[in-house]
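K.L.:
prediction below, plus the sequence it came from.
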Amino acid sequence: MNTKNSPISTQKDKFTLPEGVHYLNCATRSPLSKKAEQAGYDAVRRDTNPFGLHPDDFFRGATHVRSLFSELIHDRSTGGATHQSPNPERIAIIPSVSYGMAVVARNLPARPGLRAGQKIVLVGDEFPSDVYAWDRVCTELGLSIVTVPMPAEFPKGPLWNERLLEAISPDTALVVVPPVHWMYGIRFDLEAIGRRAREVGAWLAIDGTQAIGALPFDLDAIQPDAVICAGYKWLMGPYSLGLAYFGPAFDDGIPLEEGWMNRLDSNQFHRLMDYQPAYRPKAYRYNVGEHSHFMQMPMLEAALTQLIEWQPVRIQDYTKALMADAWPVLENLGCSLEPENGSRGRSHHLIGLWLPDHADPMAVQQALLAENVSVSVRSKAMRIAPHVYNVPEDVDALVRVLSAKLKA
């Protein structure tokens, strides 16, 4: 049995991926574990007979999931000097990243000191949900967007981080950044970015979708205002269910919808006609309507429980060791790889591999799929995303196909 202080071994037996399938593509969508799968089956069976459903049943599953996510983002493995206790009241149930970012956009006008002419700072080639959210608010408030592009040269991470920090100034209203770039796997130094944002009075919103669950995340060290996370990638849960942290800046904010469950005493069904103007505390007002998700919530609960047992730091260590022998071989074939540079280098669960100039990325991807190797092509890079269900045979298949295709 794995202990929290020992390296994690392969967890392939916890999944039902078929033999002969080499799924190195968790950044697109995670496979469900057997535990999450079983939780879904059990939930469907319960839903066939709702007799005896109690009002508190509408809230219980989400309450536990919020606690688990709060624990996950208060990761103690980073070695921070001070830590607050996890606070589930700061967690909201959301359906998507776009929903969570819309909450930030809706409440940005209330940010102290906001004025026309200020800027929203983004990183280049960001996921669309982290970009589209700001068009309307920029028009309405007279703001503009500053995009910090990825450097052309290697190593990219240190320079990209420095340019991002330089772009954050007293004229910055909001910084939107991920822990790990969704296409390239390059890390952003969130602690340094958080300090800089606080220095200039800017809000910091983090899209943690491509990192949280597989990369340690220390909320207390970073001190973001919002953390938005879809549930179907590294949280290993079902599609169309996600989680968000909203800090004190949002405590009296405006939700996107006025759901009845988000009000005080909403579990008192016999009093629902006593309309309640007050919301439940902190982030609860931002929960999506019908957030009980009777079938999906147990699956996400099972997935988060498993991740906390595995621990993100051990997932990083496992994926690093799994891929270590592949990188020199692929670099000798003319591929380029961001080096390790701590919090400003490459991650180990999501890696961007730049193919040689002569290679057609889509043709390479098709050759891999023909041999049952699943990765993603995103813009200039091939995105490789291993997890604890992967084994050396999966990496061997990747290297074998790339070697044949790139030498041809």
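P.N.:
Done, it's in. Everything numeric here is computed off the predicted structure, so don't read it as measured data. Numbering: from 1, shown residues only.

K.L.:
report how many residues lie close to T48.
P.N.:
6 (other C-beta atoms under 10 Å). Bear in mind the C-beta positions are built from the backbone N, C-alpha and C, glycine included.

K.L.:
also L143?
P.N.:
For L143, using other C-beta under 10 Å, the count is 21.

K.L.:
and the pLDDT at it?
P.N.:
Reported pLDDT at L143 in the predicted model: 98.

K.L.:
same question, L368
P.N.:
For L368, pLDDT reads 97.

K.L.:
that one - how many residues pack around it?
P.N.:
Neighbours of L368 using other C-beta under 10 Å come to 22.

K.L.:
right, and it touches V399 too?
P.N.:
No: taking contacts as C-beta atoms under 8 Å, L368 lies outside contact range of V399: 10.8 Å.

K.L.:
which residues are in contact with each of those two?
P.N.:
When C-beta atoms under 8 Å, 6 or more residues apart in numbering defines a contact, no residue borders L368 and V399 alike.

K.L.:
pretty sure Y99 contacts V288?
P.N.:
Yes: proximity of Y99 to V288 meets the contact threshold set by C-beta under 8 Å, at 6.4 Å.

K.L.:
can you give me the mean pLDDT across stretch 131-140?
P.N.:
96.

K.L.:
name the residues of it that are buried.
P.N.:
Judged by neighbour count (16 or more other C-beta atoms under 10 Å), stretch 131-140 contains these buried residues: 131, 133-134, 137-138.

K.L.:
point out where this structure drops to low pLDDT.
P.N.:
1-4, 78-83, 408 (pLDDT under 70).

K.L.:
could you pull out the helices in it for me?
P.N.:
Here the chain has its helices, by DSSP state H, at 34-47, 57-73, 97-107, 135-141, 157-167, 190-200, 219-222, 296-310, 312-323, 326-332, 361-370, 392-407.

K.L.:
out of the ones you listed, which gets nearest to N5?
P.N.:
Closest to N5 of those, according to C-beta to C-beta: helix 312-323, at 9.3 Å.

K.L.:
and that closest one, what does it pack onto?
P.N.:
When contacts are defined as 3 or more C-beta pairs under 8 Å, 6 or more residues apart in numbering; DSSP states H and E, helix 312-323 sits against helix 392-407.

K.L.:
the helix it packs on to helix 361-370, inter-axis angle?
P.N.:
140 degrees (axes from the mean of the first three to the mean of the last three C-alpha atoms, to 10 degrees).

K.L.:
in helix 392-407, what's buried?
P.N.:
394-395, 397-399, 401-402, 405-406.

K.L.:
picking up where we left off before, quick check: the farthest pair among the buried residues of stretch 131-140?
P.N.:
Within the buried residues of stretch 131-140, V131 and V137 form the most distant pair, 12.2 Å apart (C-beta to C-beta).

K.L.:
so what are the domain limits for this protein?
P.N.:
12-32+311-407, 57-308 (automatic domain parsing).

K.L.:
adding distance to N5, write those domains out as CSV.
P.N.:
Below are the domains of the chain laid out as CSV (distance: least, C-beta to C-beta, whole Å):
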stretch, distance to N5
domain 12-32+311-407, 9
domain 57-308, 10
